[in-house]
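A.B. asks: What follows is a predicted protein model with its sequence.
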Amino acid sequence: MDESLVKALELHQQVPVIDTHTHFLLAGYFLRKRFERRHRPPRLWNPLRNTVDLPRLREGRITCAVFTAYVPPPPLRLGAWPALLRMLDFLQQTVRRNPDDLVFVHNARGIRLAHEQGKLAAMPGVEGGHVIGRRLERLTVLRERGVRLLTLTHFIANRICDGHLGPAVHGGLSDFGRQVLQACRHLGIVVDLAHASRRAFFQALEELERPPVVTHACLREHGRSQRYLEDDQVKQLAAAGGLLGVIMCPWYQQRWGVLGSLERAADVYCRLAELVGAEHLIIGTDMDGCTWLPRGMRDAADLPRLTAKLLERGFTTRELKGILGNNFLRLLAAWE
C-alpha cells in the first residue's frame, strides 16, 4: 500500500467522512436488497448490483451516507408521494434491523456522535421536489421523517422550478417554488440546487438566506450541457457560503469521458479549488445513481483512493478534512 493511501485511510478515521449523495435506496427498495449484505459491484452500470452497502462503506471508512430517495415523476410513476414514504419506511426498517452498525441521524451532532461510536450514520434526502405536488405541508412531513436535504428538481421542470433539461416552464423558480424555499429555511431542510436550470439556480441564491449545496455536479468546461455549472455559478454559490460535490460519473468529468480515472476526478477538484477554495467542496459521488464510476473506484470502499489522489495533488490535511466532512457539517449546522 502506497504512502498516500495509508495517509488517506488515516484521514478517513480522523474526521466524519460524509457522502452527501448516494442511491442505495433505488435497488434496495425496488429490488428489496439488504443493505447489510455485500453486493457485487457492476463492471459497467447494472441496476441489479450495487456499489454502496454497509460492508463497503465500512471499508471506505465512511461515517455518514445521505440515502437519497428518488421516485420517478409522473407520468412515469403515479402516486410519487406514497411511494416516497414507503421508501423512507424501508430505510428506517434497515436501520432498526442493524442497531449495532447503523444509526439514523438528522443533524451535525448525530453525525459526530456516530463517528465517535464507530457506527454508520444514515441521513435521508429527497431528490426531486415533484413528490410534494402542490402541498407545501408535505415538507413538514419530510422533516418529521428526518429528511435534511431536498434536491428541488431532477432533470426536468416541476412545480417548483425549471430543470436543466427540457423547456423553461417558469423562467426559473415558480411562485410555489419560492414558498418551498421559505418553508425549507423555516424547517431546516437544506436546499440542493443540483439539476436546477441556470435561472432557477441564481434566483434560488437570491431567495435563500442560508447557504445551499450542489451535491453532485461538474464544471461546464468539462462537459456539454446544462447539467454542468459554469464558473460564475460556482463563484456565486461560494459567495453565498454554499458547497459543491463532484459527481463521480466519468461522463460528467470530461468530454466524451467513457472510462475516466481518479486522476481526472482529482483534476476537477483541483480546478474547483482554484476557483473558490477547498472550503467550498464536499463529497457527493452519486454512487448507485450515476451510470458508472471512474477507473480506480469500483465502489464505496475505494473512496480513500480519491483522497489519496488529492493528497498527491497538494491538498493539505486541513483542506481534505473539510472536503471529507467538516465543510458539510458546518453548513448543516447553519441550517439547524
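C.D. replies: Okay, I see it.
A.B. asks: biggest helix in the chain by residues?
C.D. replies: helix 80-97 (DSSP state H).
A.B. asks: what's the helix or strand that that helix is followed by in contact with?
C.D. replies: The helix or strand immediately downstream of helix 80-97 is strand 102-104, counting by DSSP states H and E. For strand 102-104, the surrounding residues in contact (CB atoms under 8 Å, 6 or more residues apart in numbering) are 35, 54, 91-92, 94-95, 110, 113-114, 117, 119-123, 146. From N, CA and C alone the C-beta is placed, and that goes for glycine too.
A.B. asks: need the contact list for H216.
C.D. replies: T20, H21, A194, G245, V246, I247, G284, T285, D286, G289, C290.
A.B. asks: ditto for P72
C.D. replies: A80.
A.B. asks: Rounded mean pLDDT for stretch 277-293, please.
C.D. replies: Stretch 277-293 shows a mean pLDDT of 93 in the predicted model.
A.B. asks: If you count neighbours, what's buried in it?
C.D. replies: 278-290, 292-293 (16 or more other CB atoms under 10 Å).
A.B. asks: starting at the chain centroid, how far to that stretch?
C.D. replies: The chain centroid and the centroid of stretch 277-293 are separated by 6 Å under CA atoms, centre = their mean, to the nearest Å.
A.B. asks: Now do the end-to-end distance for it.
C.D. replies: 25 Å (CA to CA, to the nearest Å).
A.B. asks: same deal with stretch 134-145?
C.D. replies: One end of stretch 134-145 to the other measures 19 Å (CA to CA).
A.B. asks: swap in stretch 134-152?
C.D. replies: Span of stretch 134-152 from end to end, CA to CA: 13 Å.
A.B. asks: Now it: buried residues?
C.D. replies: Of all the residues in stretch 134-152, those buried under the rule 16+ other CB under 10 Å are R138, L139, L142, R143, R145, G146, V147, R148, L149, L150, T151, L152.
A.B. asks: can you list contacts of the helix or strand L237 falls within?
C.D. replies: Assigned by DSSP H and E, L237 falls within helix 231-239. Residues outside helix 231-239 that contact it (CB under 8 Å, 6+ apart) are 193, 198, 201-202, 205, 212, 214, 219-221, 229, 243-244, 272, 275-277, 280.
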